[in-house]
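Peer 1: I'll drop the sequence and a predicted model, then ask my questions.
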Amino acid sequence: MKEMKFDLALKEVPVVLFNSATGESRQCRLVEMDGERRGLYTERSSQQVELNEDGKVKKVLSYQMMDVLLLSCCLFDENGKLISPEELLTYPSRILDPLRSKAQEINGLSDTEKEMIKNESKVSGTGGSE
């Protein structure tokens, strides 16, 4: 049997957030989720959807948080604190879209994989009421 070998170092991408109106600049980091943050992301994202009996998404209950949930689990500010969903909701969509895409990439999340996470949360019992 072939050996499995993994690098435990989390992937990181430096991010500079610049406000041209104020001249403020922030040095942030997009960091791959560890198991704890991945679980948090799975739990939070499963609360945004209603699943059918088969564990598939029946309908989205809230679109408001969908764009920022992933980022709120992997975008850190200059002090090493996660940037809150509330703050992320104030960012322009032209910034959120590429950040979310990069976060999906470094976390190995395609749209299909995100759907599977939601479905797994239903099976594991963390996906809301039954």
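Peer 2: Nice, thanks for sending it over.
Peer 1: all strands of this structure, in order?
Peer 2: 12-18, 25-31, 49-51, 57-60, 75-76 (DSSP state E).
Peer 1: Counting neighbours, which bits of the first one end up buried?
Peer 2: This points to strand 12-18. By 16 or more other C-beta atoms under 10 Å, the buried positions in strand 12-18 come out as 13, 15, 17. C-beta here means a position set from N, CA and C on the backbone, and glycine is covered the same way.
Peer 1: mind listing what the residue lying closest to the last one once chain neighbours are set aside touches?
Peer 2: What that stands for is Leu17. Spatial nearest neighbour of Leu17, excluding adjacent residues (C-beta to C-beta, 6 or more residues apart in numbering): Arg26 at 4.4 Å. By C-beta atoms under 8 Å, 6 or more residues apart in numbering, Arg26 lies in contact with 16-18, 77-78.
Peer 1: which stretches of the protein aren't confidently modelled?
Peer 2: Within the chain, the ranges that satisfy pLDDT under 70 run 111-130.
Peer 1: now the residue nearest to the spatial centre of the chain: how far from Glu105?
Peer 2: With distances taken as C-alpha atoms, centre = their mean, Leu70 lies nearest the centre of the chain, 1.3 Å away. Distance from Leu70 to Glu105, counting by C-beta to C-beta, to the nearest Å: 11 Å.
Peer 1: follow-up on the earlier one: surely the residue nearest to the centre of the chain meets Ser101?
Peer 2: No - counting by C-beta atoms under 8 Å, Leu70 stays clear of Ser101, with 10.0 Å between them.
Peer 1: rewinding a little: among the contacts of Arg26, which one lies nearest to Thr90?
Peer 2: Leu17 (11.3 Å; C-beta to C-beta).
Peer 1: Ile95 is in contact with that closest one, correct?
Peer 2: Yes - the criterion here is C-beta under 8 Å, and Leu17 meets it with Ile95 at 7.5 Å.
Peer 1: The residue nearest to the centre of the chain and Met4: what is the separation?
Peer 2: 26 Å.
Peer 1: do the same with Asp54
Peer 2: Applying C-beta to C-beta to Asp54 and Met4 gives a distance of 31 Å.
Peer 1: Understood, closing this out.
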